[in-house]
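Trainee: model this:
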Amino acid sequence: MNVGESVIRTQLEQRGFTVLRGGWPDFLALKDGHGLGVEVKGYGDSLSRTQRAMGRALGELGLPVLVVRSWEDRENDEVERLLASSAPCDLETAWRRIRSVA
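Mentor: All right, here's what the predicted structure looks like:
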């Protein structure tokens, strides 16, 4: 983390934000205004503590995270079902909100 990032993180934390940096899913899949995080793990691998924390945080925001080992590993319609259950993703509105706080 560089100095500028460290200052911003400290300021956010002082304002009561929980700041997560690592643990992002491998992919963010977007379709028809909905999103889904996809984490690909090899056989024998497990989620790290930071990945579990990020998955919980994204889930609370309405963005489910699917952990798969291979495409065949997932249920046939699980991806579509999770996308349909996710909160609508309006990235332009989210970005405007972020910029208005900054």
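Trainee: Show me what counts as buried in the helix or strand in which residue 53 is found.
Mentor: Taking DSSP states H and E as the definition, one finds residue 53 inside helix 49-60. Buried residues in helix 49-60, counted by 16 or more other Cβ atoms under 10 Å: 51, 54, 55, 58. Every C-beta, even on glycine, is put in place using the N, C-alpha and C of the backbone.
Trainee: Average pLDDT for stretch 37-45, rounded please.
Mentor: Averaging pLDDT along stretch 37-45 gives 87.
Trainee: how much distance is there from it to the middle of the chain?
Mentor: 15 Å (Cα atoms, centre = their mean, to the nearest Å).
Trainee: Show me what counts as buried in it.
Mentor: 37, 38, 39.
Trainee: that older thread, can you name every helix or strand that the helix holding residue 53 contacts?
Mentor: strand 34-40, strand 65-68 (3 or more Cβ pairs under 8 Å, 6 or more residues apart in numbering; DSSP states H and E).
Trainee: how about the ones you listed in CSV, adding distance to residue 1?
Mentor: Below are the helices and strands packed on helix 49-60 laid out as CSV (distance: least, Cβ to Cβ, whole Å):
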stretch, distance to residue 1
strand 34-40, 22
strand 65-68, 24
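Trainee: Pull up the distance across stretch 41-55, start to finish.
Mentor: 14 Å (Cα to Cα, to the nearest Å).
Trainee: Give me the contacts around that stretch.
Mentor: 20, 21, 22, 23, 24, 25, 37, 39, 65, 67, 68, 69 (Cβ atoms under 8 Å, 6 or more residues apart in numbering).
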